[in-house]
Structure formats: structure tokens, C-alpha cells
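Asks: turn this into a structure:
(one chain, ligands or ions: 1)
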Amino acid sequence: MFVVLKSVLGKSSIYPECVYCYRSQRVLCGRPRPHHGRSRNYGMPAGDVKSLRSIITPPVSKIRNIGIMAHIDAGKTTTTERMLYYSGYTRALGDVDDGDTVTDYMVQERERGITIQSAAVTFDWNGHRVNLIDTPGHVDFTVEVERSLRVLDGAVAVFDASAGVEAQTLTVWRQADKHSVPRLCFLNKMDKTGASFTYSIESIKAKLKARPLLLQLPIGEGKSFKGLIDLVTMECLSWRSQSNGDDGKRFQRKPLSDLMDPDLLHLIADLDDEFASLMLEEYSEDFNLIPIEKLQAAIRRITLARSAVPVLCGSALKNKGVQPLLDAITLYLPSPDDCSHNFMSWYKEDLCALAFKVVHDRQRGPMVFVRIYSGTMKAQSAVYNVNKNCTEKMSRLLLPFADQQVEISSLPPGNIALIVGLKQTATGDTIVSSKASASAAAHRAGQAGETGMGKQAQDSLVLAGVEIPEPVFFCTIEPPSVAKQSDLENALRCLQLEDPSLIVKTDPDSGQLILCGMGELHIEIIHDRIRREYRLETYLGPLQIAYRETILSGSQASDTLDRIIGDSRQQVTVELKIRPLSADSPLIEYSGHLPASVNGYKEAIENGIHSSYLTGPLLGFPLQDVGVIIHEVKVLPGTSMTVLSACVSRCMQKALKAAEKQILEPMMRLEVTVGEDYLSRVLADLSQRRGSVREIQDRLDNKVVLAFVPLAELMGYSTDLRSVTSGTATFTLELSNYEAMKPQDQNSLLRKKGLL
Ligand SMILES: Nc1nc2c(ncn2[C@@H]2O[C@H](COP(=O)(O)OP(=O)(O)OP(=O)(O)O)[C@@H](O)[C@H]2O)c(=O)[nH]1
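Replies: Next up is the predicted model:
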């Protein structure tokens, strides 16, 4: 039994069993007030706390962890807002155009009107707990998309009914195909001039290669759109005109006919054997006697098997069709019970959760969104972070109900929760109950290893997270003044917890901070967030590609460092050889006749070598595949280990200068999905980008081109691909390896950098 205390802030320890509701304007997780000065009233007057009072943990079969995916501007934020409103968790209808929505809470999202990071909101509908997870579609945020696909069990694809399937939906749809996520389609904006139900259905068939299962038909299109025909219940659903201020909460359901829709029945029988036998046997006399529940159960089986995709329609902006969409989510999309992940079996009843988003609250510090896969999560307990190898204490466990957070004492598997108190946990980390439990899971994975599972597979099973690709772009970032340097470092530390694909380094020569990210937009967004959220005006250097360097021939060098520091003499002599590293030789070797005392210096010697690996001799990029043989090390007694490391490092630089050098460039594994009509154009474009095509596969009616292309040739690829394929192709990109540049390409790069 929960009691809601209105606006009681920071007193949870006094009433540990209570559920607190927080006024969003004060305690939102880092959510700033709307920038335009107008703010929505999220306050909860007395007597309107029914929904929070009734919070109980539902059985897992009643949980729906659902992603919303859409092309930019299709209306997913508006649809989400309506869902929150109709389910009773917000008191006013949020409007994207006024910048006062709940889910798009980063200011840039409000201003740019795009959704960058996945936000999760929870609400209850018809006895079900719905956790809505927003799914970004931009290619720079692929990791974000993959991570959100990992935590959700089903998805709703929202379309602009006047545009049909657009590029971003295609990208996320294909990722959802890859991860076998069951979906529903919602054709939004049926009220818009040019909206066409038929066109949208045709484009779902043609572009997504999906089989639409029409559960509704619109009554009118564009300005004349009034309501829907529900083909499952054979009812007419009509809403009052929004022009007289109607919020669409109440609508009329009028039975149209006692007869079922024969087309729908036959299509369902075609797709579902169980339903077909009902029609042929029990109800062969009269199909119209088939109970609606049986029809709905068949639609659910079809949706989960992904043999067709239910299609609904409406207009979120005009408050029409959202409640039936919510019904469909609870009726047809999977519960956590319907989905399983391999790694879950290693934890059995023990806690295993994935941190899928970290946000910063000025008062409460980092707040971590988690999906619980197994075991129970308890407030005020210690948890073990497998990725960071550390134990942390969580203070509070919250449910992210709309824009309020509701405190709860424990949560079973299948749920999404918000944790306060974890300081080390970053997005993508796996959280379990203890180190012992992680070891037990690794042990179980190991036992399976004996039956054919490799070490790598074991590790990935123990971890619930998504692998973060190496960043391939970088640029320098400078604070407005030296005094602000530590503020900038702090901001970057916080941002890294939220976004593990952001890497921050310090240039060893200039001491400048360097941002490394996944793409142009990624770095731009980080820059923007530092300005807005941390109020720091920073300067970015030009965006550069992260090359690497290596050597093609061996070389030898010796060096002596002789210094008087204070009143002691410090002297080191080093002689070493470097050579291209072959796959089976060790990185550092010591030649046979070194004095035994060298053993005591090994750490300092290796530090010197590792520091020289960070800056290559040509352009200062990290070294790769360079082996070292230490021939001689003479150290005067009393010499500090720092001087020894410095001498080794200087000697390495000398040897590197003398060797034949090579730049390695990042090669990207590019996967382009395109219709046959545009295939030749895509291939011609790739050949101009120094790309090599490895394979062309068939996927449904599309061609999938697998190619390796130098990253340097992929600047602006998304725009170019859109123009050569009229927006019909999608692509994914990830780092494959580093490859030696051809002499002419290397020379032109060096010339560009002013080094030739
Ligand atoms: N006519 C019409 N406009 C709509 C409807 N739903 C949303 N819009 C408008 O479409 C624009 C985009 O809506 P959003 O809800 O921000 O779309 P989104 O998909 O969340 O956009 P991103 O977060 O940028 O990807 C806004 O101007 C909305 O007012 C609708 O049903 N009909």
C-alpha cells in the first residue's frame, strides 16, 4: 500500500515505505525549465493522485517495454505526450511546438525538435505497466539505438501518413529486424493535408517489405479525418472536433455490424494455424461467432512471430486514435516473459540489470536508468558493476512515471527503474548483486564453454551491455579561460558517464583536451551540451580522423640521459631495436645478456615504451604493431625511475625517426541496404570512395552491399547516399580495422598537413 505525499522533497528516509511524488519543476532529473519561459503545470492538486496511489508492481506478463521509433518529425513525441495524458500521468497536453514535452527533455532536443537520447517514461494502461523508450534514429547514434533495442521487448513505429516510410524509420526498422523486435505501425497525422492511408500502407509493403495487418480504417483523410473503424470489434470510433477545445479523452464507440470483417478473418487464418483451425472446425458454421478474444490472441501470435505487422492510424495532434493504440500495445506487443536473452540464463534468480542511460541531476548527482532482466533490485542495497569491477551502494530506487519519479522499495525482473546513488556506473554497464554472483555467472558460462562456447562468447554473455565501437573522429576542445579548465574536465567526466562512446584524452605535448566521438553530429551535440548544461563556452578545433602509425622496417638507436638533479647525478644509457610486429612475437623483448638488475627496472622501461606508443613520428597518432627489443640498459645507482622512463621514451623516438614509417587509416565496414534499381549507382559511388565491395546479399527484395571504405572518404556520405538513391537506401557503419595507406594517399595527407 502506498501513500503519496505531495511535494515532500528529500525526506524519504523519514518515511521509507512511502511513495513520494515530486513536482517536476524542482526535482526533474536535470531537466531544465522550458527555455521560452512558458512552463506547463505538472503540479498535482490534492485529489488527483489516484494513479500514483494505485501503483503496484504488476505481474511480468502485464509489463510492456516498448520503443517508439520514427523518422524525424513523424510525431513520436506528440504521440507519447498524448499517451501520458490519456493514462492520467500528466495534466496538460504537451506540445512539441511550444517546447514543453516530457520526453524530449534535453534543451537541444526541444530547440532542434529532434530526439537525441533515449528517454524512458512509465505509465499504466488497462492494468498494464507500459515503459516507453524513445529510440533515436540518427546514424551517429547507432550505439544508442542498439542499446535501446536491447532494453525493449516490442516497438511502435510512428509514420507521418502524408509521407509514408521515410529514411530514418527504414534504418531503425532494419535494426529492429536484425534484433527480431515485434512491432506495430501507427499512421499518424491522418488529419494533415495530403495524408493517405493507402499510400502509407503501400509504402510499408514496398519499402519495409512488411506484411501489413490492417486493424483499423480511417474515416476521412486530411481535413475531413474524423475517426476510425475498428476492424477487430467492428465499431466506429469517433471523436469530437478539436477546434472546440476537446482533449479527445472521451470518444464514441458505435457498433457497426454484428458481422466480422471477412478480409481480416481470412488474412489472420492465413497467417495463424491455430486461428485457421478454429475457423475450419469449431466455428465453421458461422465465423461471426468467433469470440473477439480469440481473434485478438491470434493477432498477438502473428505480431510476436513477426509474420505480419498490425497497422493502426490516427492523429496525435488532433487527439484521435491514441487510446486504441495504447490498447493495441497492451494486447499485441510482447511482455518481458515473451523475450529472452542468452546472458539471462547465467544469472538464474540473481540480479542482472543493464544501465541504459545516465542523466545528471544537479541536486542528486547521476541517475541511472536500468532494465532489470533477472533477480530483484532493492533500494539501499549494494550492487556490483561488472564493467567497472566495483561495488556501489544505491540509495533510492525510483519509477520514472511521466515527469515525476516515484520511490519504490524493490522491483522484480522485466521492469525499468531509475537508480540514485551510483557514482561510477556509466551507460551500458551491467549491474549484478555481487562480485560472487558475477563469478558464478561466468562459471556457468564457462561450463557451457566446455561444450563449445569460447571465452569471448562467455564474456559477452555475462555482460548485458552493447559493445561500444572505437571512436574515429576527434577534435581539440578548449575552455574559455585557464580558470575554467577544471569545470570543463568535470563536465566531460559527467558526459562520459552518460555517453560511453565519447572518449576524452589529453594531448601529451600541448596538454589540450581532445574529444573523440562517433561522428560529426555526435561531437557537435557534446559541444552544445557543455554550453547549455554546464554554462561553458568552449572552442572546438577542426574535426579530424583518428589515424594510426606503424613502421615498415626495423631500426636501432641508443641514447644517454645524464642529469644533475639537486645534488645527485642521474644517468641512464639505453640501447634498443624496433621492428614491425608479427602476429606471434611479443610487444617487448629483452635480449639475453642484460644484467639481472634490469628486472627491477622493467616497470619504468615499459612505461617509457608505452608513452612513446601514444605519439607516432609522422603525425603524432598512436603507434600500432611496433615491437621493441631492449639490448642494453645501464642505470647509475640513485637514478629515479622517471628519468629511466624518459630516456627509454627518447631512445624510442630516435629509433622511430630512423625507421621507414607508414600511416594506417581507419577502414569502415559499411552495410548499405538498397533496392535493386539503385544498386549500380551505389556501387559506382563506392568505387569513387576507394571502397572495396566484399559481398552483395539478398535481404527480402533488397540488396545488401557489404563494403570496406576508408573513413576519410565517408565524410557527408549520408547526404550523398540519400541523393543517389532518392532517399531509399539506409546504411550502418562501424570500424573494421586500420589499413596501410597507399604511398600516393599518404603523401597527399602529409602535404595537406604541411609536412611534405
Ligand atoms: N498535422 C499533424 N501534425 C502533427 C501530428 N503529430 C505531430 N505533429 C506535428 O509534427 C511536428 C513534429 O512532431 P514531434 O512530435 O516532435 O515529432 P517527433 O517524431 O517526436 O520528432 P523528433 O523528436 O524530432 O524525431 C510538430 O510540429 C507537431 O506538432 C499530427 O497528428 N498531425
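Asks: R569 pairs with what?
Replies: I564 (DSSP bridges).
Asks: can I get the host helix or strand of M69 in CSV, CA atoms only?
Replies: Using DSSP states H and E, the element containing M69 is strand 63-70. The C-alpha coordinates for strand 63-70 follow below in CSV (Å, rounded to 0.1, in the frame of the first residue of the first chain):
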residue,chain,number,x,y,z
ILE,A,63,4.7,-5.3,-18.4
ARG,A,64,5.3,-3.7,-21.8
ASN,A,65,8.8,-2.3,-22.5
ILE,A,66,8.1,-0.6,-25.8
GLY,A,67,10.3,1.5,-28.1
ILE,A,68,8.9,4.3,-30.2
MET,A,69,10.7,4.7,-33.5
ALA,A,70,10.0,7.2,-36.2
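Asks: so is it next to the ligand?
Replies: Yes. Strand 63-70 is in contact with the ligand by CB under 6 Å from any ligand atom, via A70. Every residue, glycine included, has its C-beta placed from N, CA and C.
Asks: what comes into contact with that strand?
Replies: 76, 79-80, 118, 128-135, 137, 148-149, 151-159, 168-169, 172-173, 176, 181, 329-330, 333-336, 371, 414-416 (CB atoms under 8 Å, 6 or more residues apart in numbering).
Asks: could you do stretch 707-717 as well?
Replies: Residues outside stretch 707-717 that contact it (CB under 8 Å, 6+ apart) are 472, 520, 545, 665-670, 672, 686, 689-694, 731, 733, 735-736, 739, 741.
Asks: make sure A74 is actually in contact with N188.
Replies: Yes. Contact criterion CB atoms under 8 Å: A74 and N188 qualify, at 6.1 Å.
Asks: how far off centre is the helix or strand hosting I431?
Replies: Taking DSSP H and E as the criterion, I431 maps to strand 430-432. Distance of strand 430-432 from its chain centroid, counting by CA atoms, centre = their mean, to the nearest Å, is 17 Å.
Asks: mean confidence score for that strand?
Replies: Across strand 430-432, pLDDT averages out at 91.
Asks: helices or strands next to that strand in the packing?
Replies: On a contact count with 3 or more CB pairs under 8 Å, 6 or more residues apart in numbering; DSSP states H and E, strand 430-432 meets strand 352-361, strand 382-385.
Asks: okay, and for the stretch 151-300 of the chain, where does confidence drop off?
Replies: When residues are selected by pLDDT under 70, those of the stretch 151-300 of the chain lie in 167, 242-244.
Asks: no no, the stretch 351-500 of the chain
Replies: Within the stretch 351-500 of the chain, the segments meeting pLDDT under 70 span 402-403, 447-469.
Asks: all helices for it, in order.
Replies: 435-450, 455-462, 485-498 (DSSP state H, counting those that start in this stretch).
Asks: what of the stretch 151-300 of the chain?
Replies: Using DSSP H, counting those that start in this stretch, helices in the stretch 151-300 of the chain cover 167-178, 197-208, 262-271, 273-280, 292-305.
Asks: name the surrounding residues that touch the second one.
Replies: Under the contact criterion CB under 8 Å, 6+ apart, helix 197-208 has outside partners 159, 161, 164-165, 169-170, 173, 185, 187, 190, 210-212, 214, 217-218, 221, 309, 311, 313, 728.
Asks: ok so, going back, of the helices and strands packed on strand 430-432, give the one that comes closest to V682.
Replies: Of all the helices and strands packed on strand 430-432, strand 352-361 sits nearest to V682, with 33.3 Å by CB to CB.
Asks: quick one: pLDDT of the residue lying closest to Q746 once chain neighbours are set aside?
Replies: In this structure, Q746 finds its nearest non-sequential neighbour in I663, 5.1 Å apart by CB to CB, 6 or more residues apart in numbering. The model reports I663 with a pLDDT of 95.
Asks: centre of this structure to the edge, which residue is at the far end?
Replies: Most distant from the centre of the chain: D567, at 57.3 Å, with distances by CA atoms, centre = their mean.
Asks: quick one, what contacts it?
Replies: No contacts exist for D567 under CB under 8 Å, 6+ apart.
Asks: distance of it from G638?
Replies: Counting by CB to CB, to the nearest Å, the gap from D567 to G638 is 11 Å.
Asks: re earlier: got the helices of the stretch 151-300 of the chain as a markdown table, with distance to the ligand columns?
Replies: Below are the helices of the stretch 151-300 of the chain laid out as a markdown table (distance: least, CB to the nearest ligand atom, whole Å):
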| stretch | distance to the ligand |
| --- | --- |
| helix 167-178 | 8 |
| helix 197-208 | 13 |
| helix 262-271 | 25 |
| helix 273-280 | 33 |
| helix 292-305 | 22 |
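Asks: so which of these is the most packed in?
Replies: The highest mean neighbour count among those, using mean count of other CB atoms under 10 Å, belongs to helix 167-178: a mean of 21.
Asks: so what does it touch, helix or strand wise?
Replies: On a contact count with 3+ CB pairs under 8 Å, 6+ apart, helix 167-178 meets strand 63-70, helix 142-151, strand 154-160, helix 197-208, strand 730-740.
Asks: now tabulate those in JSON lines and tack on distance to Q323.
Replies: Below are the helices and strands packed on helix 167-178 laid out as JSON lines (distance: least, CB to CB, whole Å):
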{"stretch": "strand 63-70", "distance to Q323": "15"}
{"stretch": "helix 142-151", "distance to Q323": "25"}
{"stretch": "strand 154-160", "distance to Q323": "14"}
{"stretch": "helix 197-208", "distance to Q323": "19"}
{"stretch": "strand 730-740", "distance to Q323": "32"}
